[in-house]
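J.: Give the three-dimensional model of this entry:
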Amino acid sequence: MGVSTAAGSVALVGAALAAAAVFEVGELPARVMVIAAVVGMFAARVADLRAVAVVTVLAAAIFVGFSGTVTAF
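T.: Modelled structure (predicted):
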């Protein structure tokens with residue numbers, strides 16, 4: 001579970017950085033689609049459902065971090 005969770009976390013950070021670089025601040029649906037696509041690909045390739053659950057929760061936390069920065073401006 002540990003290596004899979006770490007790999008998923010790295011993929012999520014990469015997706016969040018890519019979404020932040022490509023899309024404007026107010027384009028939350030596009031950003032969430034990028035993160036959801038990464039979580040979906042991760043879930044399709046990893047057999048450990050606990051790792052998928054942890055990465056899904058991390059994805060939600062990362063996206064909520066996006067929303068917090070949008071409302072601050």
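
J.: from the chain's centre, how far out does the helix ranked longest in the chain sit?
T.: The longest helix of the chain (DSSP state H) is helix 49-72. Relative to its chain's centre, helix 49-72 lies at 6 Å (Cα atoms, centre = their mean, to the nearest Å).

J.: Go through it and flag the buried ones.
T.: Neighbour-count burial for helix 49-72, counted by 16 or more other Cβ atoms under 10 Å, picks out 51-52, 54-56, 58-59, 62-63, 66. The way it works is simple: take the backbone N, C-alpha and C, and place the C-beta from them, glycine included.

J.: and Thr71, what pLDDT?
T.: Per-residue pLDDT puts Thr71 at 49.

J.: For Phe23, give its distance to Val39.
T.: Counting by Cβ to Cβ, to the nearest Å, the separation of Phe23 from Val39 is 17 Å.

J.: and what of Met1?
T.: According to Cβ to Cβ, Met1 and Val39 sit 16 Å apart.

J.: ditto for Arg31
T.: For Arg31, the distance to Val39 - Cβ to Cβ - is 13 Å.

J.: Nice, that's everything, thank you.
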